[in-house]
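Colleague: quick one: sequence plus predicted model below, questions after.
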Amino acid sequence: MTHRTLARLLVTVLLIFTAARWAGAQAPARQTYKAAGMKAQAAGNYAEAERNFSLALKAAEELGPEGRQLADSLIDLASVYQDQGKYDAAEPLYKRSLAIYEKALGADHTAVATSLNNPALLYQAQGKYDEAEPFFKRSLAMYEKALGADHPSVATALENYASLLKAMKRDAEAEVLLKRAAAIRARASSK
């Protein structure tokens, strides 16, 4: 091995080591910003929440373009936008997060089913019921397939979908889902 090859190898190892240490340092920073953002959002201080969630998102993006931390940071920032009625800002963040989850975990993973509720609730809040419904339906179907028809997460999905149906004045359909959800919860509590 020549001196030049050895020097390149050493530089490569140092770069990898430095990148790994730097990436590791980003995770705690992201968590710190996330915690501060959550606290500010809970207090109704949306400007502070938005600032902290934006910093958490920046730290997560530096960790990689497809990580779960990035997806979670996108959801956090989108939620504070949604709380403020900034729906146009929230929508692409929710959709990007959903795409990351689908790519990383597979289209049938329960985390994807959970993530489907974000755009569904966003559309429901805007009165875009026809756009919300496919997200709720898909989430429910995924939970049923992955967890079984009697799982508490299925009950939650049924309740979410029923709230949309009630908003759409489809009360009879909503009541069927709510009765099913109540039965699931009753069976779960008796175990």
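Modeller: In hand now; what should we look at?

Colleague: switch to C-alpha atoms for all contacts and neighbour counts from now on
Modeller: Noted.

Colleague: so which helix or strand takes in residue 99?
Modeller: Using DSSP states H and E, residue 99 falls within helix 87-105.

Colleague: report all helices and strands that that helix contacts.
Modeller: In terms of contacts (3 or more C-alpha pairs under 8 Å, 6 or more residues apart in numbering; DSSP states H and E), helix 87-105 is packed against helix 68-83, helix 110-125.

Colleague: got those as CSV, with mean neighbour count columns?
Modeller: Below are these laid out as CSV (neighbours: other C-alpha atoms under 10 Å):
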stretch, mean neighbour count
helix 68-83, 23
helix 110-125, 22
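
Colleague: for those helices, which one sits closest to residue 101?
Modeller: helix 110-125 (5.8 Å; C-alpha to C-alpha).

Colleague: the inter-axis angle of the next helix or strand after the closest one versus helix 110-125?
Modeller: The helix or strand immediately downstream of helix 110-125 is helix 129-147, counting by DSSP H and E. Relative orientation of helix 129-147 versus helix 110-125 (axes from the mean of the first three to the mean of the last three C-alpha atoms, to 10 degrees): 160 degrees.

Colleague: any idea of the mean pLDDT for helix 129-147?
Modeller: In this model, helix 129-147 has a mean pLDDT of 96.

Colleague: so how far is that helix from its chain's centroid?
Modeller: Distance, stretch centre to chain centre, for helix 129-147: 15 Å (C-alpha atoms, centre = their mean, to the nearest Å).

Colleague: could I get the buried residue list for it?
Modeller: Within helix 129-147, the residues that count as buried by 16 or more other C-alpha atoms under 10 Å are 129, 132-133, 135-144.
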